[in-house]
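> quick one, structure for this:
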Amino acid sequence: VQLVESGGASVQPGGSLRLSCTPFGFTLDSYTIGWFRQAPGKEREGVSCISISDGAAHVGDAVADRFSIYRDNANDTVYLQMNRLKVEDTGVYYCTAGAGYCSGHVLDPVWYWGQGIQVTVSS
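Sure thing, here's the model as predicted:
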């Protein structure tokens, strides 16, 4: 069972990236999916969550109106679209999966973690 993130890169402030989360060994359509991130020197924080039960998508206040999460069930992939990126969005982003629910924009509990992918926003 594995989650693999892709799409991380270095971009300038104001740029956009789309992170992808792809499963190996299971399918995502039976799980609630969450994205977390960890900035250098800071604790890991929840970014966004999409529920398996009703498909409701949630994003944290820090990224509201800039980030969005959505599923592509045909390709068994979950995406995190990140627009108008800021320097403070820099960090390692993790895709997670669980059979529970979104607690706001945070998946809890997390059953599976991806290995993480670097996003760097710098001028």
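
> any idea how far Cys102 is from Gln12?
Here the criterion is CB to CB, to the nearest Å. By it, Cys102 lies 31 Å from Gln12. Where you see a C-beta, it was placed from the backbone N, CA and C, and this is true even at glycine.

> with neighbour numbers in mind, choose between these two.
Neighbours per residue, other CB atoms under 10 Å: of Cys102 and Gln12, the larger number sits with Cys102, 24 against 10.

> can you give me the strands in the chain?
In the chain, the strands defined using DSSP state E lie at 2-6, 10-11, 17-24, 32-38, 45-50, 57-59, 67-72, 77-82, 91-98, 101-103, 106-108, 112-113, 117-121.

> the ones you listed into CSV, with extra columns for mean pLDDT?
Formatted as CSV, the strands of the chain follow (pLDDT from 0 to 100):
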stretch, mean pLDDT
strand 2-6, 95
strand 10-11, 98
strand 17-24, 96
strand 32-38, 97
strand 45-50, 96
strand 57-59, 95
strand 67-72, 94
strand 77-82, 97
strand 91-98, 97
strand 101-103, 89
strand 106-108, 92
strand 112-113, 95
strand 117-121, 98
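
> report the central residue of the protein.
With distances taken as CA atoms, centre = their mean, Trp35 lies nearest the centre of the chain, 2.7 Å away.

> residue contacts, Val63?
Contact analysis of Val63 by CB atoms under 8 Å, 6 or more residues apart in numbering lists Val47, Ser48, Met82, Asp89.

> and with 7 Å instead?
Residues counted as contacts of Val63 (CB atoms under 7 Å, 6 or more residues apart in numbering) are Val47.

> before we move on, the earlier item: give me the distance between the residue nearest to the centre of the chain and Asp29.
Taking CB to CB as the measure, Trp35 falls 17 Å from Asp29.

> report pLDDT for Leu28.
With respect to pLDDT, Leu28 has a value of 86.

> quick one: the closest residue to it other than its chain neighbours from Lys42, how far?
Excluding the flanking residues, the one nearest Leu28 by CB to CB, 6 or more residues apart in numbering is Asp76, at 5.4 Å. Applying CB to CB, the value for Asp76 to Lys42 is 31 Å.
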